[in-house]
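Trainee: Fold the following.
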Amino acid sequence: MPDSSLFSSAEPFTGPLAQLFEMGGPVMMVLAALAVIGFVTFLYLMLIGAFYAPRLTRQLKRFMTVWQQTPADAEPETFRQQASAVGRLNPLLPLVLDTAKACQEQRDPARIRRRRPGMHRRLCNRLKLR
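Mentor: Numbering: from 1, shown residues only. Down below sits the predicted model:
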């Protein structure tokens, strides 16, 4: 028969967690708090990593194809306004759209590359900006 003191409603914790706190005292409470903080941090970082990861979406790929074939017909500002809220979190979106806009304005390709150093060397090479 189970011990009735474990199932008392006066205690804030019941079951195995209460036993751990009884054995470990304040040290166990600190360790449990650190475990909860670590788990919440892990979830936060996973969500941030999922939303802010650069990804080549179907719409962005379609825009790049139009821009490569006929640069004058590509409208980066229209595409930027049509992007969804989750799409705006994509760091590749402003990179591609700012590069397209700068190329349409006949800016120097070296200056475009310097604006975002290291981040879009592959994009410039893919779009044949030399």
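Trainee: Pick out the residue nearest the middle of this structure.
Mentor: Closest to where the C-alpha atoms of the chain average out (C-alpha atoms, centre = their mean) is Y52, at 2.1 Å.
Trainee: If I look at the closest residue to that one other than its chain neighbours, what pLDDT would I see?
Mentor: Nearest-residue entry for Y52: L89, 5.8 Å, with adjacent residues in sequence omitted and distances by C-beta to C-beta, 6 or more residues apart in numbering. C-betas here are computed from N, CA, C, even on glycine. Looking at L89, its pLDDT is 81.
Trainee: Give me the neighbour count for L89.
Mentor: 15 (other C-beta atoms under 10 Å).
Trainee: I figured it was touching A50, is that so?
Mentor: No. Using C-beta atoms under 8 Å, L89 makes no contact with A50, being 9.5 Å away.
Trainee: what packs against the helix or strand hosting F42?
Mentor: Per DSSP states H and E, F42 falls inside helix 26-51. Judged by 3 or more C-beta pairs under 8 Å, 6 or more residues apart in numbering; DSSP states H and E, helix 26-51 is in contact with helix 16-24.
Trainee: Give me the angle between the helix it packs on and helix 26-51.
Mentor: Orientation of helix 16-24 against helix 26-51 (axes from the mean of the first three to the mean of the last three C-alpha atoms, to 10 degrees) gives an angle of 130 degrees.
Trainee: Quick one: distance of helix 16-24 to the chain centre.
Mentor: Here the centre of helix 16-24 is set off from its chain's centre by 38 Å, with C-alpha atoms, centre = their mean, to the nearest Å.
Trainee: what does stretch 36-49 give?
Mentor: Per C-alpha atoms, centre = their mean, the centroid offset for stretch 36-49 relative to its chain is 12 Å.
Trainee: And stretch 15-30, by the same measure?
Mentor: The answer for stretch 15-30 is 36 Å, by C-alpha atoms, centre = their mean.
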